[in-house]
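*Asks:* kindly generate the corresponding structure for this input.
(chains A, B and C)
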Amino acid sequence: MPTALQPLPRSFYARPVLQVAKGCIGKMLVHRSAEGTTTGIIVEAEAYRGPHDAAAHSYQGRRTARNEVMYGPAGFAYVFFVYGMHYQFNLVTGSVEQPQAVLIRALQPVHGVELMAGRRAQPPSAVNLTNGPGKLCQAFAIDRQHNAVDLCGPTLFVADGSPLKVERSARIGIDYAGDWVDKPWRFSAAGNAYVSRRPGKRRRS
DNA sequence: TGAATGATTTACT
DNA sequence: GTAAATCATTCAA
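*Replies:* Residues are numbered from 1 along each chain as shown, chains lettered A, B, ... in the order given. Now for the predicted structure:
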């Protein structure tokens, strides 16, 4: 069991969002649930820069009940529901009144693979378990209960991992955001099979 | 009170 | 390649 895994200090999150997003690659995401513990290496993340980012929920200072947690202190989880069927898991970064967050887009499963497979209704050998933001939430059993959870607590947190080679590319799934689509604010582990989409080519319409 | 839409996934043509 | 599934949140009235 990964007893050595401990939450990263809040200072890890209390930095500019792009630094945190890049720093996440190669780190471990850990969720201790009643069913068991699941962990995975973060291989893909995207930065959402708040008021200056048309793709962010907090664009132009929009502040609602949903994104309120992004305006709080760093090191908390921002979990929300989209498309009527999928959750997205984010790490709140920056500081109070800076609505920035890092979207975790893909993981490489490490511990609890069979538990993930069961939740996903897939074989444990599938590379399909956690290679997408909605998929990893299902595999890790992350849902609205985890919104505003303290990532420095014992249940759901990021722990240190091995450094990986990081690639930058444009973000995904935000075609509605105009010029911001081209911003290279997506970070992924170079050559990792669990990255949701290959960097280099942008999604075409 | 009602209508539109989305930080996606999956299946189908 | 395109489209459907499906509902909380958001915005307009």
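*Asks:* and the closest residue to A:Ser162 other than its chain neighbours, what does it touch?
*Replies:* Of all residues not flanking A:Ser162 in the chain, A:Gly26 sits nearest, at 5.5 Å (C-beta to C-beta, 6 or more residues apart in numbering). Where C-beta positions appear, they are placed from N, C-alpha and C, glycine not excepted. By C-beta atoms under 8 Å, 6 or more residues apart in numbering, the contact list for A:Gly26 reads A:Ile41, A:Ile42, A:Val43, A:Gly161, A:Ser162, A:Pro163, A:Leu164, A:Val166, A:Ala189.
*Asks:* how about a cut-off of 6 Å?
*Replies:* A:Gly161, A:Ser162, A:Pro163, A:Leu164 (C-beta atoms under 6 Å, 6 or more residues apart in numbering).
*Asks:* which one is A:Asp182 nearest to, not counting chain neighbours?
*Replies:* A:Ala170 (5.6 Å).
*Asks:* how about the residues of chain A by DNA strand B?
*Replies:* Within chain A, the residues that sit near DNA strand B (C-beta under 7 Å from any atom of the strand) are A:46, A:48, A:55-58, A:67, A:70, A:78, A:81-86, A:88, A:90, A:101, A:103, A:120, A:128, A:132-135, A:172-174, A:176, A:196.
*Asks:* what's the distance between A:Asn128 and A:Val82?
*Replies:* Distance, A:Asn128 to A:Val82, by C-beta to C-beta, to the nearest Å: 20 Å.
*Asks:* who has more neighbours, the two?
*Replies:* Set side by side, A:Asn128 and A:Val82 show more neighbours around A:Asn128, with 14 against 11, by other C-beta atoms under 10 Å.
*Asks:* that one reaches A:Arg120, doesn't it?
*Replies:* No - A:Asn128 lies out of contact with A:Arg120 (C-beta atoms under 6 Å); the separation is 7.2 Å.
*Asks:* right, and A:Val166 touches A:Lys27 too?
*Replies:* No - in this structure, A:Val166 is not within contact of A:Lys27 by C-beta under 6 Å, at 11.5 Å.
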